[in-house]
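1. what follows is a protein structure lacking sequence information:
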């Protein structure tokens, strides 16, 4: 027998009131979060999820869609969040402002949907609007909105709130169709982030209040009996929960996101969970000292754990005792407690003790309890007029001020991790990441200090050793760099990036056989490491192992078709080997992905010249020079062709002298190639004496270096002294 319809008494509201509420929620939220349009990517998950993710950076492609639905190799199965990132790339490319604005837009939409969901569930207008505004403008939600990698938070919440709205409509008129809509929203939420696993349990809480499909009258046995049909009603949702929970647990364990068994005892994890619950409540009222990462301490003081347990038990007991009189207190509290369960840390994922992003949906429960409590007091005491409205505006104003203050720390990686180092203790992860961002900005001195500080806190930190080695290498201390790379590998032998960088260092110092071993190890542990494949290819090419080098570069472009540097190496290697069709094919593919590549245009010109297509060659070289005016290679080719081409149709002595002058200014007037080019250009214009003088100067600069080139210059000098120009038999 289907459940009976539930009548939900709804506050009267005019269409104009609803439009104003929606406008304030939507546009107020977008205005508050508008600064994110100028924020950067964060090199902390944003790289893995977006700008260095070979699947996402291709944009919306069939191969990307297939990967999104069939893969859980980064953290867990969440195809919709991947698709949203791919759509951003298709719309905005790698401009982070567009990605940030998408998150802000979804957050604003969430505020509006939450308002309608709460209004449908409770029938109340202004309390629902106030909760939605607090949700949208609370500083705890800055992390979920301003961190592109947390798109999964805002997207999951969208389907969560839509599911609540759909459930309210189902309760008003129960039907399989409406329940299927609820299940569909739940499934879409699971496809965004599995934190929504608690959704069916939350629906049972809402069945008690505000829906009052089952009421507590003091008899727990009777209450359980009346609740049972509502549990059966949600059986399909619970089945989805079971499947998703097992899949998520397995995926997190396989990618190494979960702490190894035995690293922290169950008692330690429970202790942190109790403390975290209390800290989340405190941050709701005083959201200060927020950071991207709050590290786990070695242990919490016993008195703090005991105090947190007593406080949580006391509040829970009070809510249960007041369930019949004030059910909104229990509903809001259990919303908060229950929806945090997947991320509270009993099953530890990551190294954080808490994270403000985890409150994105749970906070709504606390806000409901607080707002409905205030509304009850106002109604019982018959308080109305300007006072409550002024109080509400003050609270919203304080939230907005706090949010703007918190947003200021999310401009870029430096500001984010400076804040984390400032407001947390012994945060070696934040120190390492701040060092990374400073090193990327060229401040290696401060970066090295931070890495060393991180290692004093955690001497076995692989990332700190790795990044310290990178910075030491950049400031010219290769021996110290090598030592720290080897330390990183001692603590984590499968650290692919350390193998790659150590291989680079070894190759640069002539230890090629050992370098090759480390490249192979890097690729064995991380076959998709494009930098390792590229560097391995360069080393093999330098060692004369051309076929093996080509194999590495081809593997790299199979993994990432728009990997321009690898394409350029393939063009050069195939050209040197005389395989012009293969070189042309790779250069065409390069230009398909990067039509504005000056190197690609230069190669296209050289390949056209090799085929005898001189008009095409000249056009490509001119385009390369337009794209990159200081690109000396096309400049030299154009000048040389204009001065020495055997076909008078392509010779232009005046252009040759002008182009040679530009090349000389770029390379330096005493550069031997600049002197030689100037000489042939002058000779093409009939200035043989000056051409001979430039050729002699080139020979003086060369001395005993580059004997083959010097022999060519002497041959041309003989022509100039005989009053003849140089005409290239095979134009370069």
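-> Noted; the coordinates are in hand. Note that this is a predicted model, so its numbers are computed, not measured.
2. helix or strand with the lowest mean pLDDT in the chain?
-> helix 235-254 (a mean of 76; mean pLDDT, DSSP states H and E).
3. show residues contacting the next helix or strand after it.
-> Downstream of helix 235-254, the first helix or strand assigned by DSSP states H and E is helix 266-285. Here helix 266-285 makes contact (C-beta atoms under 8 Å, 6 or more residues apart in numbering) with 138, 140, 290, 296, 299-300, 304-305, 307-309, 311-312, 336-337, 340, 344-348, 353-354, 356, 358-359, 362-363, 366-367. Placement of C-beta: from N, CA and C, glycine included.
4. same check on stretch 572-580?
-> 541, 546, 549-550, 553, 582-583, 586, 603, 606-607, 610-611.
5. which parts of it are buried?
-> Across stretch 572-580, burial judged by 16 or more other C-beta atoms under 10 Å covers 572, 573, 574, 575.
6. tell me how far the ends of that stretch are from each other?
-> The straight-line separation of the ends of stretch 572-580 (C-alpha to C-alpha, to the nearest Å) is 10 Å.
7. for that stretch, what is the average pLDDT?
-> What stretch 572-580 shows for mean pLDDT is 94.
8. now swap in stretch 618-629 and tell me
-> The average pLDDT within stretch 618-629 is 95.
9. check the offset of it from the chain's centre.
-> Between the centre of stretch 618-629 and the centre of its chain there are 34 Å (C-alpha atoms, centre = their mean, to the nearest Å).
10. can you classify the closest residue to residue 212 other than its chain neighbours by secondary structure?
-> Nearest residue to residue 212 in three dimensions, chain neighbours excluded: residue 6, at 7.1 Å (C-beta to C-beta, 6 or more residues apart in numbering). Going by DSSP: H, G, I helix; E, B strand; the rest coil, the secondary structure assigned to residue 6 is coil.
11. which parts of stretch 436-448 are buried?
-> For stretch 436-448, burial by neighbour count (16+ other C-beta under 10 Å) applies to 436, 437, 438, 439, 443, 444, 447, 448.
12. follow-up on the earlier one: which of the contacts of helix 266-285 are buried?
-> Of the contacts of helix 266-285, these count as buried by 16+ other C-beta under 10 Å: 138, 140, 290, 296, 300, 305, 308-309, 312, 336-337, 340, 344-345, 347-348, 353-354, 356, 358-359, 362-363, 366-367.
13. ranking the contacts of stretch 572-580 by neighbours, who comes first?
-> In terms of neighbours by other C-beta atoms under 10 Å, the contacts of stretch 572-580 top out with residue 553 at 28 neighbours.
14. surely that residue and residue 539 touch.
-> No: using C-beta atoms under 8 Å, residue 553 is not in contact with residue 539; the gap is 11.9 Å.
15. what ranges does this structure have for its strands?
-> Listed in chain order, the strands of the chain (DSSP state E) span residues 294-295, 352-354.
16. which one of these has the poorest average confidence?
-> Across the strands of the chain, strand 352-354 gives the lowest mean pLDDT, at a mean of 89.
17. now for it, which elements pack on it?
-> Packing partners of strand 352-354 (3 or more C-beta pairs under 8 Å, 6 or more residues apart in numbering; DSSP states H and E): helix 266-285, strand 294-295.
18. list the buried ones in the longest one?
-> The reference is to helix 266-285. Neighbour-count burial for helix 266-285 [16+ other C-beta under 10 Å]: 268-269, 271-278, 280-281, 283-284.
19. if we can go back for a sec, so for the residue nearest to residue 212, what's the pLDDT?
-> 72.
20. cool, the one 5 residues further on as well?
-> The per-residue pLDDT reported for residue 11 equals 79.
21. quick one, what contacts it?
-> Contacts of residue 11 (C-beta under 8 Å, 6+ apart): 119, 123, 124, 125, 126.
22. ok, so of those residues, who is nearest residue 648?
-> Comparing the contacts of residue 11 against residue 648 with C-beta to C-beta places residue 119 closest, at 83.3 Å.
23. hmm, that closest one is touching residue 126, no?
-> No: counting by C-beta under 8 Å, residue 119 does not reach residue 126; the two are 9.8 Å apart.
24. neighbour count winner among these two?
-> More neighbours surround residue 119 than the other of residue 119 and residue 126, with 24 against 17 (other C-beta under 10 Å).
25. wouldn't residue 540 be in contact with residue 534 here?
-> No: with contact defined as C-beta under 8 Å, residue 540 does not count as touching residue 534 (10.9 Å).
26. overlap in contacts of the two?
-> Listed as contacting both residue 540 and residue 534 by C-beta under 8 Å, 6+ apart are residue 552.
27. which residue sits closest to residue 582, ignoring its sequence neighbours?
-> Sequence neighbours aside, residue 574 is the residue nearest to residue 582 in space, at 4.3 Å (criterion: C-beta to C-beta, 6+ apart).
28. how near is that neighbour to residue 541?
-> 12 Å (C-beta to C-beta, to the nearest Å).
29. ditto for residue 438
-> Separation of residue 438 from residue 541 (C-beta to C-beta): 33 Å.
30. before we move on, what about residue 370?
-> 66 Å.
31. same question for residue 449.
-> Look at residue 449 and residue 541: by C-beta to C-beta, they are 38 Å apart.
32. please apply the same query to residue 385.
-> The value you get for residue 385 to residue 541, if C-beta to C-beta is used, is 81 Å.
33. same question for residue 696.
-> When distance is defined by C-beta to C-beta, residue 696 is 37 Å away from residue 541.
34. same deal with residue 357?
-> 45 Å.
35. kindly report the same for residue 317.
-> 72 Å.
36. how close does residue 502 sit to residue 536?
-> The spacing between residue 502 and residue 536, counted by C-beta to C-beta, is 13 Å.
37. residue 164 too?
-> Counting by C-beta to C-beta, the gap from residue 164 to residue 536 is 52 Å.
38. repeat that for residue 218.
-> 73 Å.
39. and these two? Which one has more around it.
-> Between residue 218 and residue 536, residue 536 has the larger neighbour count (other C-beta under 10 Å), namely 29 against 8.
40. just the pLDDT for the closest residue to the more buried one other than its chain neighbours.
-> Distances taken as C-beta to C-beta, 6+ apart put residue 519 closest to residue 536, at 3.9 Å, once the chain neighbours are dropped. Model confidence at residue 519, given as pLDDT, is 96.
41. check the one 5 residues further on too.
-> The predicted local distance difference test score for residue 524 is 95.
42. number of nearby residues for it?
-> 13.
43. and the lengthiest helix in the chain, which residues are buried?
-> In terms of residue count, the longest helix belonging to the chain (DSSP state H) is helix 96-122. Going by neighbour count (16+ other C-beta under 10 Å), the buried part of helix 96-122 is 96, 99-122.
44. cool, and stretch 718-725?
-> Those would be 719, 720, 725, for stretch 718-725 by 16+ other C-beta under 10 Å.
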